[in-house]
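Provided below are the primary sequence and the corresponding predicted coordinates.
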Amino acid sequence: MVLDEFPRQLARTRRFTLGIPREVTISADGTRVLFLRSNGGEDPVTRLWLLDLANGANGANGAGDGAGDGADDAGERLLADPTAAWNVGSGEIPEAERIRRERVRERSTGIVAYSSDDACRTVAFALDGQLWTLDATGQTALPGHVPTAGPVTDPHIDPTGQRVAYVTDGALHVVELAGQSDRLLAAPEHAEVSYGLPEHVAAESMYRYRGFWWAPDGRRLLVARVDNTPVGQWWIADLANPDRAPRAIRYPAAGTANAEVTAHLVSLDGTRTEVTWDRARYEYLTAANWDAHGPLLSVQSRDQRTVKILAADPATGATTTLAEQRDPDWVQITYGAPLRTKSGRLVYADDRDGSRRLVIDGTPVTPDGLQVAQVCSTDGETVYFIGLQDPTEEHLWRHHPDRGLEQISDVPGVHGGTANGGTVVHVARTMSGTTVTVTSATRNQAEKQVRRHIESLEQEPLLTPRITWLTVGERDLRAALLLPSWYEPGTTSLPVLMCPYGGPAGQLVMKMRTAAFCEDQWFAEHGFAVLVVDGRGTPGRGPAWEKTIYGDALTAPVEDQADALSAVKEQFPDLDLTRVGIRGWSFGGALAAMAVLRRPEVFHAAVSGAAPHDQRLYDTHWRERFIGRPDENPDGYDRSSTMTYAAGLTRPLLLIHGIADDNVVVAHTLRMSSALLAAGRPHEVLPLSGATHMPTENTVSQLLRHQLDFLAGALGISPRREAPA
């Protein structure tokens, strides 16, 4: 039956992420496109591919967002398959690489990351801690193994393609590809120091996943040095295997000391010059790169109300302020920014006059109501970015100083992309799946643009989300309602299951097919009306909407869930508001628990997964952004922590947590359970052995069923078990 098989499909497909092209790189001349993709929707092994626009078949001219418009899909070539005989890896992933994958939420195996030179001719990647390089021109058929000083993490080839830098045991090394000589560039002075890796809060909360950046000529690097000595040491134990020693981590909890992060200009001979700025005032390094105009850095104050964008002198390390951003709540970090155009014009996003605007050389270039979500790339003087006017859709835009602003995508969905050398890769995620279109400035014999599709091999879900899009309540809350396929209005009442995230890390009510919506439909087919609501604090509706939650992270989101439920009932009278459940993960898990604690008259049962129940236990950068420091706003931390209200629980509550979670540690749920137990409040706890913040594939299937059974029992309903119509 479909309902029985769907949870297994969700697990096998890694939540429908397998087979989708990703990690796209375009060569400087726009003729070559590298990307990663597995061989199918149930194949977890990611491979490296090339789309050669210069040598492939000619494509059709025109624009569009999906297949079937005459574009040519020819020209894909498999460059590296890690299941082939050339891969003699051990199968063991270095600890630093495991941590990197957890931070970026990597679900695949095989070649999960790579680096190329500017021409996309030479590629470097790591497999099981070993370094490999590849001639992408096809002159060498197989990847070549490169000897290194130790297990490799995060290798990056220099823009000229002559050498590769990598990190091993916290030390930064460079290996010359001609002769394969390895040299140590920066060695940690003691066990708590590393070179070339991001600290925890950078990767988890700032979207900075790297710790070193090549100069364009490949002769020097900008390198982050991290000293974790001031940071508190925590322990992650494998409770199911008591014979194994716990793993030590450095975790900067809210209000405690951060790692000391400095930046250095390092030459190939190991000589080093420190980049200088007021680190006492600006302790966060939020972004960095090195372009043709020199090193570019972004630094932020501890209270996150000020950001400075700095240019560094490559010779002395002295910095000059290019731009300064201030906000009474916090300055939002925008992924991909800052960067510069070919001529050196500075590009970043800034909150001005009620909108998050694209700013180029100090001048806002986007209008009121267009919210910038991400800066994608620059190509010459053209800036590509993602923007929202309708909070349920993200579109790909570009701006050129002469041609102005242009929206590239138009089909409802979530769009993104990148550009280089006149070639644009447009990734469209819609309700029908993922489409990747490549439009190149390269011309065919008919002088038409070459246009291709990179095939997406994602698996079709067994359940198709049946969504009614809604705008409800006095705050125009965006919502998605999913009803059973067999439901006929007026024939039966439906218990309600709310499935929010509701937090500042992202939206759920977006017009694309997601694993979350497929899960929601699965619950709907069992007899629920499933309601998903993005309330205050979620992105996409402008700075004021996002910053409503400053100082109190959960009161407004809980009220928005309750208000939306009442408003939807007016339009759909068959919803049974005497049987309302709520489930969520991470922030959504805290929101679900808080809902039954503070509004038990509205919410009658909750599933709270991997939730930050004690806000003082979460990291400095993320938590202090929204609530401030604990010593300055203790009441805000109390109001935002579910533990504060534990004694008032009157509804069934299931707490779920991965024992190996090093983001939201299991102590959150253990403390919450202790508080509930001390108050004599019945509840259930489901520990997931070996699971991190992302449940393992072996867990996903049964975890979904367990939640269904809990909610059905708690709400006194009998789930339908037959397949949907």
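Nice, thanks for sending it over.

Every contact and neighbour count from this point should use C-alpha atoms.
Will do.

so who does residue 79 touch?
For residue 79, the set of contacting residues under the criterion of CA atoms under 8 Å, 6 or more residues apart in numbering consists of 47-50, 134, 136, 142.

what's the distance between it and residue 135?
As for residue 79, its distance to residue 135 is 9 Å (criterion: CA to CA, to the nearest Å).

can you pull the contacts of residue 238?
Contacts here follow CA under 8 Å, 6+ apart; on that basis residue 238 touches 244-246, 659-660, 689-690.

Filter the residues you listed down to the buried ones, PyMOL style.
Those of these that count as buried under 16 or more other CA atoms under 10 Å are selected in PyMOL with:
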select buried, resi 659+660+689+690
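
possible to save the contacts of residue 238 as CSV with pLDDT, distance to residue 455 and secondary structure?
Written out in CSV, the entries for the contacts of residue 238 read as follows (pLDDT from 0 to 100; distance: CA to CA, whole Å; DSSP: H, G, I helix; E, B strand; the rest coil):
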residue, pLDDT, distance to residue 455, secondary structure
244, 92, 44, coil
245, 94, 45, coil
246, 95, 43, coil
659, 95, 38, coil
660, 95, 36, coil
689, 92, 37, coil
690, 91, 35, coil
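
can you list the contacts of residue 238 in a markdown table and add distance to residue 528?
As requested, the contacts of residue 238 are arranged in a markdown table below (distance: CA to CA, whole Å):
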| residue | distance to residue 528 |
| --- | --- |
| 244 | 43 |
| 245 | 44 |
| 246 | 42 |
| 659 | 30 |
| 660 | 32 |
| 689 | 30 |
| 690 | 31 |
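
and the two most separated of the contacts of residue 238?
245 and 689 (15.2 Å; CA to CA).

The residue of the chain most remote from its centre: helix or strand, and which one exactly?
Distance to the chain centre peaks in the chain at residue 491, reaching 41.8 Å (criterion: CA atoms, centre = their mean). Per DSSP states H and E: residue 491 is located in neither a helix nor a strand.

Run through the stretch 351-500 of the chain and note the low-pLDDT ranges.
Across the stretch 351-500 of the chain, the ranges flagged by pLDDT under 70 are 442-448.

just the strands in it please.
Secondary structure of the stretch 351-500 of the chain by DSSP state E, counting those that start in this stretch: the strands cover 355-360, 363-364, 371-379, 382-388, 395-400, 404-407, 414-420, 423-430, 433-443, 449-454, 467-472, 477-482, 494-498.

Tell me which of those strands lies nearest to residue 319.
Checking these against residue 319 by CA to CA gives strand 355-360 as the closest, at 20.0 Å.

follow-up on the earlier one: distance of the residue farthest from the centre of the chain from residue 575?
Between residue 491 and residue 575 the distance, using CA to CA, works out to 11 Å.

Check residue 163 too.
63 Å.

Can you check which helix is longest in the protein?
With DSSP state H applied, the helix covering the greatest number of residues in the chain is identified as helix 697-715.

who's in contact with that helix?
Contacts of helix 697-715 from elsewhere in the structure, counted by CA under 8 Å, 6+ apart, are 7-8, 10-12, 14, 523, 579-581, 604-607, 652, 654, 688, 718-719.

quick one: it to strand 494-498, angle?
Per axes from the mean of the first three to the mean of the last three CA atoms, to 10 degrees, the angle that helix 697-715 makes with strand 494-498 is 130 degrees.

So what's the model's average confidence on helix 697-715?
Helix 697-715 shows an average pLDDT of 94 in the prediction.

okay, now residue 4: neighbour count?
The number of residues packed near residue 4 is 14, by other CA atoms under 10 Å.

typo on my end, it should be residue 600
Using other CA under 10 Å, the number of residues around residue 600 comes to 16.

do you know how far it is from residue 562?
10 Å.

one step back: so which of the strands of the stretch 351-500 of the chain comes closest to residue 103?
For the strands of the stretch 351-500 of the chain, distance to residue 103 was read as CA to CA. The smallest value, 18.7 Å, belongs to strand 371-379.

Distance-wise, check the residue lying closest to residue 489 once chain neighbours are set aside relative to residue 712.
Distances taken as CA to CA, 6 or more residues apart in numbering put residue 574 closest to residue 489, at 7.1 Å, once the chain neighbours are dropped. Plainly put, residue 574 is 18 Å away from residue 712 if you go by CA to CA.

Over to residue 255?
Relative to residue 712, residue 255 is positioned 41 Å away (criterion: CA to CA).

Kindly report the same for residue 48.
Here the criterion is CA to CA. By it, residue 48 lies 45 Å from residue 712.

Which one of these two is surrounded by more residues?
In this view residue 48 and residue 712 are compared by other CA under 10 Å, and residue 48 has more residues nearby, 25 against 20.

Across the sheet, point out what pairs with that one.
Listed beta-bridge partners, residue 48: residue 36, residue 80 (assigned using DSSP bridges).

hang on, isn't it packed against residue 78?
Yes - taking CA atoms under 8 Å as the contact criterion, residue 48 and residue 78 are neighbours in contact, 6.3 Å apart.

OK, contacts around residue 275?
The contact partners of residue 275, by CA under 8 Å, 6+ apart, come to 262-265, 312, 316-319.

Give me the number of neighbouring residues for the spatially closest residue to residue 469 that is not a sequence neighbour.
Leaving aside its sequence neighbours, residue 469 sits nearest to residue 480 (CA to CA, 6+ apart; 4.8 Å). Residue crowding around residue 480 was assessed by other CA under 10 Å; the count is 23.

On the three-state scheme, residue 557 is what?
Judged by DSSP: H, G, I helix; E, B strand; the rest coil, the three-state class of residue 557 is helix.

Show me where the chain has its helices.
With DSSP H as the definition, the chain shows helices at residue ranges 2-12, 95-104, 200-205, 515-525, 543-546, 555-571, 587-598, 620-627, 634-639, 667-678, 697-715.

can I get those in JSON lines with distance to residue 356?
Compiled in JSON lines, those are given as follows (distance: least, CA to CA, whole Å):
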{"stretch": "helix 2-12", "distance to residue 356": "36"}
{"stretch": "helix 95-104", "distance to residue 356": "25"}
{"stretch": "helix 200-205", "distance to residue 356": "19"}
{"stretch": "helix 515-525", "distance to residue 356": "27"}
{"stretch": "helix 543-546", "distance to residue 356": "7"}
{"stretch": "helix 555-571", "distance to residue 356": "21"}
{"stretch": "helix 587-598", "distance to residue 356": "23"}
{"stretch": "helix 620-627", "distance to residue 356": "17"}
{"stretch": "helix 634-639", "distance to residue 356": "26"}
{"stretch": "helix 667-678", "distance to residue 356": "34"}
{"stretch": "helix 697-715", "distance to residue 356": "37"}
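
Run through the residues that contact the nearest residue to residue 159 once chain neighbours are set aside.
With CA to CA, 6+ apart as the measure, residue 117 is the residue that lies nearest to residue 159, at 4.3 Å, once sequence neighbours are left out. By CA under 8 Å, 6+ apart, the contact set of residue 117 is 123, 157-161.

Tell me the one of the residues you listed nearest residue 364?
Each of the contacts of residue 117 was scored against residue 364 by CA to CA, and residue 159 proved nearest at 31.3 Å.

what's the offset of stretch 538-558 from the middle of its chain?
The chain centroid and the centroid of stretch 538-558 are separated by 19 Å under CA atoms, centre = their mean, to the nearest Å.

in that stretch, what counts as buried?
Counting neighbours by 16+ other CA under 10 Å, one finds that the buried residues in stretch 538-558 are 538-544, 546-558.

Count the neighbours of the closest residue to residue 511 other than its chain neighbours for me.
The spatially closest residue to residue 511, leaving aside those adjacent along the chain, is residue 413, at 4.7 Å (CA to CA, 6+ apart). By the other CA under 10 Å criterion, the neighbourhood of residue 413 contains 21 residues.

is it true that residue 413 touches residue 434?
No - counting by CA under 8 Å, residue 413 does not reach residue 434; the two are 9.8 Å apart.

what do these two both touch?
Contact criterion CA under 8 Å, 6+ apart; residues shared by residue 413 and residue 434: residue 428.

how many other residues sit next to residue 403?
Per other CA under 10 Å, the neighbour tally for residue 403 reads 9.
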